[in-house]
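Engineer: Need coordinates for the below:
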Amino acid sequence: MDPHLLRTYVTVARLASFSEAARTLGYTQSAVSQHIAALEQDLGAPLLTRRPVAPTAAGERLLEHAGPLLLRLEAARADVVRMAAAPDHGLTLATSATALTSATALTTAALAALPSAGVTMRVLARDEVPAAVAAGTADVGLVDGLAAPSDPLRLPDVAPLTTYGVGEEQVGVLLPAGHPLARRTGLRLGDLADARWIDAPDTGLPLPQLRAANGGHGFRPALRYDGTDVRVLAALAAAGHGLTLLPRSATAHLPGVVAVPINAPRVVHRVELVHAGTPTGAARALVAALSPRA
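Structural biologist: Numbering: from 1, shown residues only. The predicted model follows:
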């Protein structure tokens, strides 16, 4: 299967338009049509209906495979390019918002010890961090999530990646300062399963992880926040829009809210360092500074 044809197909399916896909890819519309026809002939199945432009059942199945396949190809290319890159090309660190907040002291010290090659920091959605490292748009990543103590995180299977745990800490429920539970010294996560929650997948700890820790039920969202600003999330919680779960280090000095620790089940906020292949230059120095073998 030709990856160029596959990329064309994914673009057409995403945009639901041959002409828009042609403009996006820099092809003529005729070339896009030829790519789709060639891919359909190769697979022996129609992939798109034409009016309207939409994936067929076979096309939907191909889309399920296409993302990981194309990302693996990007990861392979990035790995080879990375091996040939100059060791002082600088460092790009991809991180989720709460991973950076939780590991700030450790990361700041490690970055300060790096050679002066230039550091770029990119704050991304959690699931985008491993993909960025795999595709080579970031040299190193910091990912985070909810886990049992000392258990590794479950990361998207985007490419062979190496991970190290760099930190674990207690988590707390963010409550308005006047909430009836705000004076508790600890709470059970299961007792809050039917409360109003804020779905903030890239700032607070994701609700699916809370649901999994509670046996797969509860934690329905009352409001969704798609940003990465912890203070905005705290303001939403303080205004009574719902509860959210954060690592305790991220809750210091947030106005109008109280963070009450979760005592049961035994879960922690875990941060992991992620890289692909064998790091070089500044990336190698950062990995050495943050990994447990350092």
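Engineer: where exactly do the strands run in the stretch 151-294 of the chain?
Structural biologist: 162-169, 171-176, 187-188, 197-199, 221-224, 244-247, 257-264, 268-275 (DSSP state E, counting those that start in this stretch).
Engineer: Excluding chain neighbours, what is closest to R188?
Structural biologist: A264 (4.7 Å; CB to CB, 6 or more residues apart in numbering). No exception for glycine: its C-beta is placed from N, CA and C like everyone else's.
Engineer: same check, this time on D229
Structural biologist: Going by CB to CB, 6+ apart, D229 has T203 as its nearest residue, at 6.9 Å.
Engineer: can I assume the one you found is in contact with V230?
Structural biologist: Yes - if you go by CB atoms under 8 Å, T203 and V230 touch, sitting 5.9 Å apart.
Engineer: what do these two both touch?
Structural biologist: A97, T98 (CB atoms under 8 Å, 6 or more residues apart in numbering).
Engineer: These two: which is more packed in?
Structural biologist: T203 (27 against 21; other CB atoms under 10 Å).
Engineer: give the contact list for that one.
Structural biologist: Per CB under 8 Å, 6+ apart, neighbours of T203: A97, T98, Y225, G227, T228, D229, V230, V232, L233, T244.
Engineer: now swap in L43 and tell me
Structural biologist: M1, A58, L62.
Engineer: SS state for the last one?
Structural biologist: The reference is to L62. helix (DSSP: H, G, I helix; E, B strand; the rest coil).
Engineer: which residue ranges form the helices in the chain?
Structural biologist: Assigned by DSSP state H, the chain shows helices spanning 3-15, 18-25, 29-43, 57-84, 97-102, 104-112, 128-135, 207-213, 230-238, 281-290.
Engineer: report the angle between the axes of the second one and helix 29-43?
Structural biologist: Our comparison of helix 18-25 with helix 29-43, counting by axes from the mean of the first three to the mean of the last three CA atoms, to 10 degrees, yields an angle of 100 degrees.
Engineer: elements contacting helix 18-25?
Structural biologist: helix 3-15, helix 29-43 (3 or more CB pairs under 8 Å, 6 or more residues apart in numbering; DSSP states H and E).
Engineer: now the least confident helix or strand in the chain by mean pLDDT against helix 281-290, angle please.
Structural biologist: Lowest on mean pLDDT, DSSP states H and E among the helices and strands of the chain sits helix 104-112, with a mean of 73. Angle, helix 104-112 to helix 281-290, by the same axes, to 10 degrees: 140 degrees.
Engineer: Return the residues in contact with the closest residue to D139 other than its chain neighbours.
Structural biologist: Spatial nearest neighbour of D139, excluding adjacent residues (CB to CB, 6+ apart): A283 at 3.9 Å. A283 makes contacts with L91, D139, V140, H275, as judged by CB under 8 Å, 6+ apart.
Engineer: Cross these against strands and list the overlap.
Structural biologist: Members of the contacts of A283 lying in strands (criterion: DSSP state E): L91, V140, H275.
Engineer: Quickly note the distance from the second one to P152.
Structural biologist: So the one you mean is V140. Distance, V140 to P152, by CB to CB, to the nearest Å: 17 Å.
Engineer: okay, those two: which has more neighbours?
Structural biologist: V140 (23 against 13).
Engineer: who's that one bridged to?
Structural biologist: L93, H275 (DSSP bridges).
Engineer: which ones are touching it?
Structural biologist: Contacts of V140 (CB under 8 Å, 6+ apart): L91, T92, L93, A94, V133, L273, V274, H275, P279, A283, L286, V287.
Engineer: How about P52?
Structural biologist: A16.
Engineer: hang on, the earlier thing: let me have the helices of the chain in CSV, extended by distance to R184.
Structural biologist: Output for those, formatted as CSV (distance: least, CB to CB, whole Å):
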stretch, distance to R184
helix 3-15, 47
helix 18-25, 53
helix 29-43, 58
helix 57-84, 43
helix 97-102, 23
helix 104-112, 27
helix 128-135, 33
helix 207-213, 18
helix 230-238, 16
helix 281-290, 35
